[in-house]
Each structure stands twice: as structure tokens, then as C-alpha cells.
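Novice: sharing a sequence plus its predicted fold:
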Amino acid sequence: MTDKSPTPPDRPDPHLDPSDDTDEPAFDWMKPASAGKPAAGSPAGSAAAAGTTAGPAGTAAAAGTAGSAAAAGPAAGTAAPSETTTAGQPESRADRKAAEAAATGQTNGGQTNAAQPDAAPSDSLTADDDERRAGAGASAGARPDSAAEDEVERRNAERRTAEREQAAKAKPVLPRVLQVLLAVFYPVILLVLAVRAVTSPLFLWVEYNRPGFPGDGYGFSTDDRMTYGSYAVDYLSNWSGPRYLGDLVDQSGERLFKDGEVSHMADVKAVILSTFGAGTLLILLGLAAVIYLKRRHSGGVRRGLFAGSIVTLALIIGLGTLAVLGWEQFFTDFHRIFFANGTWTFTLQDTLIRLFPGQFWMDAGIAIGSLVLLASLVTLVLTWPTRRRRGLGKKAASTAKGTDPGAGAGTDATAEAAPAADGTAGSDAEGGTRTRHTV
């Protein structure tokens with residue numbers, strides 16, 4: 001217990017130096033180790049060695065023993081009151097302080113010992129919390145990295161998907177180039193074919209025998225024209241030299257063609273053979289383009305020929321308009337383009353004019369224009385982009401097939417269920433027919 005009584009003012013201070021008082025056990029803990037060590041046979045020494053604590057604070061020896069025990073640490077057991085204390089030792093203030101310190105130490109030791117079982121789980125929980133926090137921190141620290149990696153992967157996937165879609169949507173360049181070339185080649189090919197059709201003995205026969213064709217005023221009959229004219233036309237398409245025409249003579253033995261006429265026919269032959277060669281090359285290239293587009297690009301041939309037919313119509317209409325408005329000027333300009341001035345003009349008595357008068361060239365121009373116009377119109381009609389040719393009809397048919405079979409199946413199922421509901425069974429033939437209709 002604590003002494004709360006006031007200290008008298010005239011009370012002298014207690015003598016606290018334990019060096020002169022060897023019989024005061026309460027101050028053994030303040031003495032040096034050599035001076036304060038009790039004897040081996042003393043009860044206080046044995047009690048301190050055994051680690052016992054004092055019981056009730058009634059004697060000075062018990063208080064001394066408790067003080068030494070408190071300094072050494074709390075003990076587990078209790079010991080009997082010491083019997084070595086002096087009976088006449090008065091209780092001093094120091095004794096009371098020592099007893100109070102021993103009692104406080106015992107109380108705190110008991111509370112500490114009692115709180116240790118509860119503190120252990122708390123410590124373990126705290127450790128678990130620390131581990132969880134550390135793990136959460138580590139995961140939180142790792143989340144930004146993983147999120148960045150996921151973002152990079154997502155962007156790469158989107159980029160690859162966009163590239164695949166772009167590659168799927170992008171049209172190759174070669175088919176487009178071939179379509180343009182086919183559209184450009186087509187009118188030239190038609191023109192060359194039409195010229196080849198006119199420069200033939202068949203067209204000569206048609207012209208010389210058609211009603212209204214002007215006759216020769218210098219004595220050539222139709223048979224003479226057909227014979228001599230065939231020589232001239234054959235010379236344009238064969239590989240013979242100028243002698244093929246220069247050595248020809250009429251019935252009187254005179255030369256049929258003059259040197260100027262033979263020279264002009266040689267120039268015409270060079271132009272015609274060059275045109276036929278270019279046309280043959282364009283035909284081969286056009287066939288190669290058609291084969292490639294047919295195999296690699298669906299609809300490319302149709303689009304190329306459709307564009308070519310439009311270009312051909314535009315050209316033939318323009319040239320035909322110029323020819324109708326001024327045939328003589330058109331014919332003159334045409335010769336000026338391919339031949340030198342003065343090499344293609346002749347008199348009415350020359351053989352070329354007698355065989356091929358002005359009406360012949362007009363009819364030849366009309367025939368060439370008509371053939372080209374007819375071919376381009378037919379091509380335009382055959383390649384017109386209808387729904388079926390563009391593939392829309394197939395898509396509509398596939399869509400209809402995707403919906404109609406369901407309805408048909410439902411109808412067939414109803415038709416098959418009706419006999420069952422009526423209690424009648426169809427024949428095998430009917431069942432086979434119904435099955436085939438469903439398929």
C-alpha cells in the first residue's frame with residue numbers, strides 16, 4: 001500500500017547509505033556484487049538462488065528477498081516467508097518502497113504473462129496482414145506492367161486484324177491494269193478486223209455486183225475489174241514485191257499499173273501489214289488478259305469488254321460524224337496522215353481510179369464503220385452489268401434458298417403429320433416422293 005501521510009517538516013532525512021549498515025537486507029541490491037552477495041548457507045541466498053518471491057510483506061527479510069527477486073526477474077513459484085529476519089528491525093520508508101516495488105512488479109508480471117497468449121494471435125494476424133499487404137503491393141506494382149503488356153498485345157492484334165481486312169478488301173493492281181488494256185485494245189482490234197474484212201475479194205465481188213455501183217468509162221468490164229482488183233487486194237496481204245503489180249499487163253499488152261501507182265500500193269501495203277501485225281499482237285495480248293481475268297478475277301473480262309465497247313462506240317460515232325459532214329475532207333486528211341503529199345493523187349484514166357473509184361472508198365468506209373458499230377453494240381449488250389452478271393441474282397437466290405427450305409420443310413412436315421393425325425398411312429411411293437421433295 002502507498003503511504004499518503006504528509007511528511008513532517010522537522011523530520012530528518014533517512015540515512016540511505018547502506019555501506020555502514022550491514023544488517024539492512026532491503027539495500028542488498030544497491031551494494032556492490034562482492035558486498036551484497038549473501039552467504040551460501042543463509043536463507044536469503046538460498047531463496048534468491050531458487051528464484052522465489054516473497055509472500056505477504058510482513059517482515060523486512062521477506063521484503064528484501066522480494067526486492068532481490070524483482071531485480072532478477074519474475075519467478076514462477078512462491079516460497080515460504082523467510083525466518084531469518086530480525087525481530088526487532090523497525091519498518092522504514094525504504095522498506096515500504098521496496099515492498100511496493102515488489103508488489104507492482106508481481107502485478108505487472110502477471111498481467112504480462114496473462115496478455116502473452118492473446119498477443120501471440122495478434123502478432124500472427126499482424127504478420128499475416130503484413131504479408132497480404134506486401135503481396136497486394138507486389139501485385140499492385142505488377143499490375144501496371146501486365147496492363148501495359150496487355151495493351152500492347154491488344155493493339156498488335158487490332159493492327160493485324162486491320163491489315164488482314166485491308167488486304168482482303170484491297171483489289172490487286174494487275175487485274176485493273178489488264179481491264180484498262182482490254183478496254184483500250186478492243187476498239188483497235190475491231191477496227192483492224194473490219195479493215196481486213198474489207199480488203200478481201202469477197203468485198204470486191206459485192207461492190208462490183210451491187211446495183212448502183214458506177215461502171216468504168218474507159219472499157220473495164222465487171223469481170224476485168226474483178227480480175228485486176230483481186231491482184232491489187234492480194235498484193236496488200238501477201239509478201240510479194242512491187243513486181244507483183246508492176247509486171248501485170250492488160251489485153252493489149254501494155255502495163256496495167258504505172259510506177260506511181262505501184263509505189264503508192266507499196267506504201268499502202270506497208271501500212272496494211274503494219275496494221276495487221278499490230279492487230280495480231282493486240283489480239284494475242286487481249287486473249288492473254290482474258291484468260292488471266294477469267295481465272296483470277298471474276299467479272300474482269302466483262303467489265304473490260306464493257307468499257308471497251310463504250311470507248312468504241314464513242315470513237316466510231318465521232319469519226320462517222322466527221323465523215324458524214326465532209327467526206328472529201330475526211331478522206332484527204334486520212335491520206336495525209338499515212339502518206340506523203342503527191343504520192344496518192346491520180347488521174348481518172350489511171351488503173352487505180354478505174355478499179356477503185358470514190359464510191360468504192362465511201363462504201364468501204366461505211367462497211368468498216370458498220371461492222372465496228374455492230375460488234376460494239378453486241379458486246380455492249382452481252383456485257384451490260386445486270387443484276388445476274390454482277391452476282392446480285394446469285395446472292396438473292398442464295399438468300400431465298402436459305403429461307404425457303406425452312407418453310408418448305410415446315411410444309412412437308414405438316415403434310416406428313418396430317419396423315420398420321422387422320423390415322424392413315426401413305427404408300428412407299430408417296431413417302432419416297434415426299435422425301436425427294438424435301439431434299
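Specialist: Good, I have the coordinates.

Novice: for Ala289, see how far away Ala170 is.
Specialist: Ala170 is 21 Å from Ala289, where distance means C-beta to C-beta, to the nearest Å. Just so you know, the C-beta spots here come from the backbone N, C-alpha and C atoms, and that holds for glycine as well.

Novice: which one's more surrounded, those two?
Specialist: Ala289 (22 against 8; other C-beta atoms under 10 Å).

Novice: show me what counts as buried in stretch 251-262.
Specialist: Across stretch 251-262, burial judged by 16 or more other C-beta atoms under 10 Å covers Leu256, Phe257, Glu261, Val262.

Novice: one more: stretch 199-219?
Specialist: In stretch 199-219, counting by 16+ other C-beta under 10 Å, buried: Thr199, Ser200, Phe203, Leu204, Glu207, Tyr208.

Novice: same check on stretch 221-228?
Specialist: Applying 16+ other C-beta under 10 Å to stretch 221-228 flags Asp224, Arg225, Met226, Tyr228 as buried.

Novice: narrow the residues you listed to those in helices?
Specialist: Asp224, Arg225, Met226, Tyr228 (DSSP state H).

Novice: the third one is in contact with Val206, isn't it?
Specialist: Meaning Met226. No. Between Met226 and Val206 there is no contact under C-beta atoms under 8 Å: 10.9 Å.

Novice: TSV for the buried residues of stretch 221-228, including pLDDT?
Specialist: Shown next, in TSV, are the buried residues of stretch 221-228 (pLDDT from 0 to 100):
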residue	pLDDT
Asp224	92
Arg225	93
Met226	94
Tyr228	94
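
Novice: quick one: which of the residues you listed is nearest Glu328?
Specialist: Arg225 (23.3 Å; C-beta to C-beta).

Novice: quick one: that closest one and Tyr208 touch, right?
Specialist: Yes. Using C-beta under 8 Å, Arg225 makes contact with Tyr208 at a distance of 5.3 Å.

Novice: give me the buried positions along the helix or strand Leu319 falls within.
Specialist: In this assignment (DSSP states H and E), Leu319 forms part of helix 300-325. Across helix 300-325, burial judged by 16+ other C-beta under 10 Å covers 300-313, 315-316, 319-320, 323.

Novice: restricted to helices, list the buried residues of stretch 251-262.
Specialist: Short answer: those in helices (DSSP H) are Glu261, Val262.

Novice: now the buried residues of stretch 199-219 in a markdown table, with pLDDT?
Specialist: Below are these laid out as a markdown table (pLDDT from 0 to 100):
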| residue | pLDDT |
| --- | --- |
| Thr199 | 93 |
| Ser200 | 92 |
| Phe203 | 95 |
| Leu204 | 94 |
| Glu207 | 94 |
| Tyr208 | 94 |
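
Novice: pipe the residues you listed into JSON lines and attach secondary structure and distance to Val180 per row.
Specialist: Shown next, in JSON lines, are the buried residues of stretch 199-219 (DSSP: H, G, I helix; E, B strand; the rest coil; distance: C-beta to C-beta, whole Å):
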{"residue": "Thr199", "secondary structure": "coil", "distance to Val180": "30"}
{"residue": "Ser200", "secondary structure": "coil", "distance to Val180": "32"}
{"residue": "Phe203", "secondary structure": "helix", "distance to Val180": "33"}
{"residue": "Leu204", "secondary structure": "helix", "distance to Val180": "38"}
{"residue": "Glu207", "secondary structure": "helix", "distance to Val180": "38"}
{"residue": "Tyr208", "secondary structure": "helix", "distance to Val180": "43"}
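
Novice: and those as CSV, adding distance to Ser240?
Specialist: CSV is the format used below for the buried residues of stretch 199-219 (distance: C-beta to C-beta, whole Å):
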residue, distance to Ser240
Thr199, 15
Ser200, 17
Phe203, 21
Leu204, 18
Glu207, 23
Tyr208, 23
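
Novice: just for the stretch 1-150 of the chain, where's the confidence low?
Specialist: Applying pLDDT under 70 to the stretch 1-150 of the chain picks out residues 1-94, 105-144.
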